[in-house]
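Colleague: This is a predicted model, with the sequence first.
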Amino acid sequence: MVALAGRAPPSPRYVAFDRHELNQILRVYGRMVAAGEWRDYAIDHLKDKAVFSIFRRTSEMPLFRVEKDPSLDRRQGAYSVIAAGGYIMKRGHDLRQVLTILDKQLKLVEG
């Protein structure tokens, strides 16, 4: 691509989670790490969607993926939680509501 005089070439566009979305995801992730369920994550900002992958162990395939796909915003909703086999567990317009599928309530164990 040739840059015009005095102009930088356009930067590649990609979809990303904003700070508020990332805080919501990390809140659920932190609780599950504290419970010993999850141990690692990865974030990918791609051209058409952003993906937060959740792992039990680093060397494995992700247990779950939280995806943001703006092209689906006017239909089923931009946010979805997808299980390891590709099964869409929940989809919607509100990220907090979509994440409820992952948020197990921690139980108090009396001893």
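Modeller: Thanks, I have the structure now. Residues are numbered from 1 along each chain as shown.
Colleague: quick one: the helices in the protein?
Modeller: Ranges of helices within the chain are 19-34, 95-99, based on DSSP state H.
Colleague: Show me the shaky parts of this structure.
Modeller: The model of the chain has pLDDT under 70 over residues 1-12, 104-111.
Colleague: Now do residue 87 against residue 34, distance only.
Modeller: Going from residue 87 to residue 34 by Cβ to Cβ, to the nearest Å gives 26 Å. Quick note: C-beta positions are derived from backbone N, CA and C, even for glycine.
Colleague: so residue 68 makes contact with residue 77?
Modeller: No: Residue 68 is beyond contact range of residue 77, at 9.9 Å (criterion: Cβ atoms under 8 Å).
Colleague: out of those two, which sits in the busier spot?
Modeller: residue 68 (23 against 18; other Cβ atoms under 10 Å).
Colleague: Identify the bridge partners of the more buried one.
Modeller: Legend: beta-bridge partners of residue 68 under DSSP bridges are residue 50, residue 79.
Colleague: Return the residues in contact with it.
Modeller: 15, 17, 21, 49-51, 78-79, 95 (Cβ atoms under 8 Å, 6 or more residues apart in numbering).
Colleague: still on that earlier bit, among the helices of the chain, show me which one is buried the most.
Modeller: Across the helices of the chain, the average number of neighbours (mean count of other Cβ atoms under 10 Å) peaks for helix 95-99, which reaches a mean of 18.
Colleague: Outside of that one itself, list whatever touches it.
Modeller: The list of residues contacting helix 95-99 from outside it, by Cβ under 8 Å, 6+ apart, reads 21, 24-25, 28, 66, 68, 77, 79-81, 90-92.
Colleague: Is it possible to get JSON lines of those residues that adds distance to residue 41?
Modeller: What follows is those, written out as JSON lines (distance: Cβ to Cβ, whole Å):
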{"residue": "21", "distance to residue 41": "14"}
{"residue": "24", "distance to residue 41": "14"}
{"residue": "25", "distance to residue 41": "9"}
{"residue": "28", "distance to residue 41": "11"}
{"residue": "66", "distance to residue 41": "9"}
{"residue": "68", "distance to residue 41": "15"}
{"residue": "77", "distance to residue 41": "22"}
{"residue": "79", "distance to residue 41": "16"}
{"residue": "80", "distance to residue 41": "17"}
{"residue": "81", "distance to residue 41": "14"}
{"residue": "90", "distance to residue 41": "18"}
{"residue": "91", "distance to residue 41": "20"}
{"residue": "92", "distance to residue 41": "21"}
